[in-house]
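Colleague: got a predicted structure here, sequence first:
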Amino acid sequence: MTAITASAPPAAPRLALGRTGTAIALLLPIALINAIGFILPVLNLLRMSFNEALAGGGVRETVTFENWTGLFGDSFYVELILNSITVSLSITLATLVVSYPIALYLHRSTGRWRTFLTVLVISPLLTSAVVRTYGWIALLADQGPIVSGIAALGFAPPRLMFNTTGVIIGLTEILMPYMILSLLAGFGRLDPRVEEAAMSLGAPPIKTFWRVILPLTVPGIALGCLLCFVLAVSSFITPKLLGGGRVFLLATEIYDQAIVTLNWPLAATLSMLVLIIFGAALAVYARILRAID
Amino acid sequence: MEADNTSVPMKILVALLFIFLLAPVILVVPLSFSGEQILSFPPESWSLRWYAALADNPKMISAFWTSLLLGAIVTAISLAVAIPAAYVIVRMRTLGSSFLYNLFTAPLLLPTIVLGLAILIVFASIGFLGTFPGLIIGHLVITLPYALRVLATTLGNLNLACEEAASTLGARPITVFRRVTLPMMAPGIVAATALCFLVSFDEVVITLFLTGPRLTTLPVELFHHVESRADPLVASVSVLLILLTLAVVMIVDRSVGLSKTFVK
């Protein structure tokens, strides 16, 4: 701060000092909350992943890599990690497939109709994930309308709840608004005249889609997929409730280790792993963006 | 206006996908009028019994008041803290503004499950678990970034001319801020208020780590209820929650316009 004051114009040194003092005073509350509620806890979490867990929930301050090596030596955790990534990728893909037509339609509509549809897309975001998951529990239950409907058509009634299928269906719907909004944000380059040009030059609709529309919307697709993947890997409420304790994913395991088993070092290590997966997803995204340009 | 060049199959597909998107939210409305003992759809009989059950459920009601009070306090503190911070970061531009902006909005980049665990471990050592101050700080960590983002955007889009005119005419900086800047920020402040309240009122994951047996919020109580029982009680709570959210959203829409607030 002194450096700033010293380098301020000599004409108004007192003003500069006063300004800096005021600025610091005004920023102090937010900095304090940020430090207590964010910086300190996150650094502490990183530190915790190198501590030793004692039986019964105790923690011994030390520096060990056992949590990390133990994670990759235990087939349960290796499977859990791989399962989390595959399930999240499936959810991302499913979300993209069901969101793309809506986004494309929204991009083409105008005026009040567009506003109305945008509100419809955003409105689920304002509803608690607990409520939406609860809605899915009612829909996917063994006696629920979907299973009964499939059974009425003469097929074997599938199990859609308390397994991975249920988690994928629920999370796909819950992440749709994020995907639709990301796609829309990336659709800027898609000009309807380009499509018309392709069509008038004789390209069939399917070919127009694959060769013209899809390539132009890759930035939006990449953004939406990054966001949904990251949210899927770290989502907790829906896997916990729709998985019914039978679907093991990173986020549910972090919670169980922290609250039920009280193994904080392991929970911290799993959290760091989630952040590492985030970093990897971000790197892939950056690579895709560079490849487009 | 509707998109004209869309073929009929495409329109049907889009309609079906919208049904998929909205189904779970819309479903809770008929579910809440179920006359059944357990969660089943469609219900075989209709009644208001689950609204009556809600009125007789002291845990849900006390959790609701906790959430309401918490949301109000968190919103008030968020504004009191974020308005000056946004002003310094956008207008005074002395202390590495963009670094500070990124630092103060960084909590949004972390998944709540990680942030919740991180706060749990620190709060456990200072005795903040299951306490109201602990919940307030935990919520502020995620409402402040939203408030700062909305308010900084609002400030950045304001025309400096009015403030400069007031300043030139001899008003002191604090007077300029109070009489010119603050009133011009009103739409952003309304948006930030609504956003902070909804974020706090809806927060589950971080709160799940910080609540105790005697102090719990409505979303956490709902979570535990859904986890342990499948009955239509949650549907009646959900309908009331949706109505509350709609009310907040309509207030925002009347004063600033919904799309400006939530579509960034």
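Modeller: On my side now, so go ahead. Please read all numbers here as calculations on a predicted model, not as lab measurements. Numbers count the residues shown, from 1 in each chain, chains lettered A, B, ... in the order given.

Colleague: in the stretch 151-293 of chain A, what residue lies closest to chain B?
Modeller: Proximity to chain B, evaluated over the stretch 151-293 of chain A using CB to the nearest CB, is greatest for A:Ser234 at 3.1 Å. (Glycine included, C-beta is placed from N, CA and C.)

Colleague: same question for the stretch 101-250 of chain A.
Modeller: Closest approach of the stretch 101-250 of chain A to chain B (CB to the nearest CB) occurs at A:Gly135, with a separation of 2.6 Å.

Colleague: report how many residues lie close to that residue.
Modeller: Counted with other CB atoms under 10 Å in any protein chain shown, the neighbours of A:Gly135 add up to 27.

Colleague: give me the contacts around the host helix or strand of it.
Modeller: Taking DSSP states H and E as the criterion, the element that holds A:Gly135 is helix A:129-140. Counting by CB atoms under 8 Å, 6 or more residues apart in numbering or on different chains, the neighbours of helix A:129-140 from elsewhere in the structure are A:124, A:144-147, A:160-161, A:166, A:169-170, A:173-174, A:235, A:237-238, A:241-242, B:23-25, B:27-28, B:31, B:39-41, B:204, B:219, B:222-223, B:226, B:230, B:234-235, B:238, B:241-242.

Colleague: how far out from the middle of the chain is it?
Modeller: Distance of helix A:129-140 from the chain centroid (CA atoms, centre = their mean, to the nearest Å) equals 19 Å.

Colleague: between helix A:129-140 and the next helix or strand after that helix, find me the angle.
Modeller: Tracing the chain C-terminally past helix A:129-140 and defining elements by DSSP H and E, one meets helix A:145-152 next. What separates the directions of helix A:145-152 and helix A:129-140 is an angle of 20 degrees, with axes from the mean of the first three to the mean of the last three CA atoms, to 10 degrees.

Colleague: in the stretch 1-150 of chain B, what residue is nearest chain A?
Modeller: Distances between the stretch 1-150 of chain B and chain A by CB to the nearest CB are smallest at B:Pro24, namely 2.6 Å.

Colleague: how about the nearest residue to that residue, chain neighbours excluded?
Modeller: Residue nearest to B:Pro24 in three dimensions, not counting chain neighbours: A:Gly135, with 2.6 Å by CB to CB, 6 or more residues apart in numbering or on different chains.

Colleague: related to what we said a few turns ago, per-residue confidence for the residue of the stretch 1-150 of chain B closest to chain A?
Modeller: At B:Pro24, the pLDDT value in this model is 91.

Colleague: likewise for B:Ser167?
Modeller: At B:Ser167, the pLDDT recorded in the model is 86.

Colleague: that one: neighbour count?
Modeller: Burial measure for B:Ser167: 15 neighbouring residues, criterion other CB under 10 Å.

Colleague: ok, residue 226 - contacts?
Modeller: Defaulting to chain A. Contacts were defined as CB under 8 Å, 6+ apart; by that measure A:Leu226 touches A:Ala281, A:Leu282, A:Val284, A:Tyr285.

Colleague: let's do chain B instead
Modeller: Counting by CB under 8 Å, 6+ apart, B:Val226 makes contact with A:Val130, A:Thr133, A:Tyr134, A:Ile137, A:Leu241, B:Val234.

Colleague: how close does the residue nearest to the residue of the stretch 151-293 of chain A closest to chain B when sequence neighbours are not counted sit to A:Ile122?
Modeller: When the adjacent residues along the chain are set aside, A:Ser234 lies closest to B:Pro111, with 3.1 Å between them (CB to CB, 6+ apart). In this structure, B:Pro111 and A:Ile122 are 22 Å apart, going by CB to CB, to the nearest Å.

Colleague: comparing the two, which shows the higher neighbour count?
Modeller: Each of B:Pro111 and A:Ile122 has its neighbours counted (other CB under 10 Å); B:Pro111 has more, 22 against 18.

Colleague: so how far is A:Leu266 from the more buried one?
Modeller: Using CB to CB, we find B:Pro111 at a distance of 17 Å from A:Leu266.

Colleague: wait, doesn't the residue of the stretch 151-293 of chain A closest to chain B sit right on B:Ile113?
Modeller: Yes: the pair A:Ser234 and B:Ile113 passes the contact test of CB atoms under 8 Å, sitting 5.5 Å apart.

Colleague: quick check: neighbours shared by those two?
Modeller: With the criterion set as CB under 8 Å, 6+ apart, the overlap between the contacts of A:Ser234 and B:Ile113 is A:Ala251, A:Val274.

Colleague: which one of the two has more residues nearby?
Modeller: For A:Ser234 and B:Ile113, the more surrounded residue by other CB under 10 Å is B:Ile113, and the numbers stand at 28 against 25.

Colleague: check which residues of whatever helix or strand the more buried one lives in are buried.
Modeller: When secondary structure is defined using DSSP H and E, the element that contains B:Ile113 is helix B:112-125. Residues of helix B:112-125 classed as buried under the neighbour-count rule (16 or more other CB atoms under 10 Å in any protein chain shown) are B:Thr112, B:Ile113, B:Val114, B:Leu115, B:Gly116, B:Leu117, B:Ala118, B:Ile119, B:Leu120, B:Ile121, B:Val122, B:Phe123.

Colleague: which ones are touching the first one?
Modeller: I take that to be B:Thr112. The neighbours of B:Thr112, taking CB under 8 Å, 6+ apart as the test, are A:Ser234, A:Phe236, B:Ile142, B:Glu203, B:Val205, B:Ile206.

Colleague: walk me through the domains of chain A.
Modeller: A:2-48, A:69-292 (automatic domain parsing).

Colleague: circling back: would you check that the residue nearest to A:Ser234 makes contact with A:Leu250?
Modeller: No: counting by CB under 8 Å, B:Pro111 does not reach A:Leu250; the two are 9.6 Å apart.

Colleague: shared neighbours of those two, anything?
Modeller: Common contact partners of B:Pro111 and A:Leu250 (CB under 8 Å, 6+ apart): A:Val233, A:Ser234, A:Val274.

Colleague: what's the weakest-modelled helix or strand in the chain?
Modeller: Picked chain A for this. Least confident element among the helices and strands of chain A, by mean pLDDT, DSSP states H and E: helix A:2-7 (a mean of 38).

Colleague: nope, chain B
Modeller: helix B:258-262 (a mean of 51).

Colleague: can I get the one helix or strand A:Gly166 maps to in CSV, CA atoms only?
Modeller: Using DSSP H and E, A:Gly166 sits within helix A:164-186. The C-alpha trace of helix A:164-186 is given here as CSV (Å, rounded to 0.1, in the frame of the first residue of the first chain):
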residue,chain,number,x,y,z
THR,A,164,-27.2,-45.5,-11.9
THR,A,165,-30.0,-45.2,-14.5
GLY,A,166,-32.1,-43.1,-12.1
VAL,A,167,-29.1,-40.9,-11.2
ILE,A,168,-28.4,-40.3,-14.9
ILE,A,169,-32.0,-39.4,-15.8
GLY,A,170,-32.4,-37.1,-12.8
LEU,A,171,-29.1,-35.3,-13.3
THR,A,172,-29.6,-34.9,-17.0
GLU,A,173,-32.8,-33.0,-16.4
ILE,A,174,-31.4,-31.0,-13.6
LEU,A,175,-28.4,-29.9,-15.7
MET,A,176,-30.4,-29.1,-18.8
PRO,A,177,-30.9,-25.4,-18.1
TYR,A,178,-27.1,-24.9,-17.7
MET,A,179,-26.5,-26.7,-21.0
ILE,A,180,-29.2,-24.8,-22.9
LEU,A,181,-28.0,-21.4,-21.7
SER,A,182,-24.3,-22.3,-22.5
LEU,A,183,-25.3,-23.5,-26.0
LEU,A,184,-27.3,-20.3,-26.6
ALA,A,185,-24.3,-18.2,-25.5
GLY,A,186,-22.2,-20.0,-28.1
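
Colleague: tell me how far A:Thr86 lies from chain B.
Modeller: Distance, A:Thr86 to chain B, by CB to the nearest CB, to the nearest Å: 18 Å.

Colleague: quick one: secondary structure of that residue?
Modeller: Under DSSP: H, G, I helix; E, B strand; the rest coil, the three-state class of A:Thr86 is helix.
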